[in-house]
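> Predicted model and sequence follow; I will ask about them next.
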Amino acid sequence: MKTKVALNFLALCCFVAAPILLAQDPPKDKSADVRSITGCLTKGDSANEFTITGDDGSTWELKSKTVKLSPHVGHTVTVTGEVWQSDMHGAKEKAKETVDPNAKEHGHLNVTKVSMVSESCKK
């Protein structure tokens, strides 16, 4: 009888604790960072896709649901947004950093803010 009560209590505890544990935020890593990148904005491969080449040589694929990037193509801009990477892409970038710590960064950014630095990409 005591065993049955103990098992029922354990089951109840698991039932109550599961939603709490599942609702916690996953640990943050580099792919969840907010970044600001300054560089030359160019049109990407498909509609609503853009690329920025940072002053440090890094390249970023940009998308935005809130900011119009197309008026700034060919301009030097500063974009700010949240970095996102697929699991495979993130693993490749981490491996590349391990092999070459001076490797240029490459990633994807959901842009939330854009400001023009110059009307051209020439330095």
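Received it, and whenever you're ready, just let me know what you need.

> what's the weakest-modelled helix or strand in this structure?
Every helix and strand of the chain was ranked by mean pLDDT, DSSP states H and E. The lowest is helix 87-99, at a mean of 50.

> Toward the C-terminus, what is the element adjacent to that one?
Heading C-terminal from helix 87-99, the first helix or strand you meet, by DSSP states H and E, is strand 106-118.

> Not counting its own residues, what contacts that following strand?
With contacts defined as CB atoms under 8 Å, 6 or more residues apart in numbering, strand 106-118 is touched by 31, 35, 37-38, 52, 58-67, 69, 72, 75-85, 89, 93. To be clear about C-beta, it is placed using only N, CA and C from the backbone, and glycine gets the same treatment.

> which residues of this protein fall in helices?
2-22, 87-99 (DSSP state H).

> Could you check how far residue 80 is from residue 47?
Distance, residue 80 to residue 47, by CB to CB, to the nearest Å: 22 Å.
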